[in-house]
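S.K.: below are the sequence and a predicted model; questions follow.
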Amino acid sequence: MRLQFQMLTMFTSKKIKTSKKFKNIKFNFKNKDIIVIGGSRGIGEECVNFFTNISKRITYSSRKKNYKFKKKVKYIYADVRSENSI
């Protein structure tokens with residue numbers, strides 16, 4: 001829940017009223033391995049775009065490859081609906 005809330009605040013320009021316990025949460029993604037499940041479109045695509053400016057090692061999985069991403073982003077085919085694909 002906390003990570004979902006943090007991601008929501010990263011991608012929205014609106015100020016969201018938060019409780020005091022969320023104000024001191026900070027994430028450091030520099031030089032970390034980032035994995036995004038469902039990263040070819042929608043929120044997953046925005047997450048991949050966000051992390052390309054921060055980290056050097058980004059991997060995303062989806063059923064379809066998104067060719068808009070930079071070359072440093074790695075793609076892995078995965079259909080999470082099928083256990084054999086994972």
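M.R.: Okay, I see it. Bear in mind the structure is a predicted one, so any value in this text is a computation, not a measurement.
S.K.: quick check: which element contains the closest residue to Val36 other than its chain neighbours?
M.R.: Excluding its sequence neighbours, the residue lying closest to Val36 (CB to CB, 6 or more residues apart in numbering) is Tyr60, at 4.3 Å. Just so you know, the C-beta spots here come from the backbone N, C-alpha and C atoms, and that holds for glycine as well. Assigned by DSSP states H and E, Tyr60 belongs to strand 57-62.
S.K.: packing partners of that strand?
M.R.: strand 33-37, helix 42-52, strand 73-77 (3 or more CB pairs under 8 Å, 6 or more residues apart in numbering; DSSP states H and E).
S.K.: is the residue nearest to Val36 in contact with Gly42, as I believe?
M.R.: No - using CB atoms under 8 Å, Tyr60 makes no contact with Gly42, being 11.9 Å away.
S.K.: which stretches of this structure have low pLDDT?
M.R.: Within the chain, the stretches with pLDDT under 70 are 1-25, 86.
S.K.: how does it look with 80?
M.R.: Under the criterion pLDDT under 80, the flagged ranges of the chain are 1-27, 31, 70-71, 80, 82-86.
S.K.: residues of stretch 74-82 that come out buried?
M.R.: For stretch 74-82, the neighbour count (16 or more other CB atoms under 10 Å) marks Tyr75 as buried.
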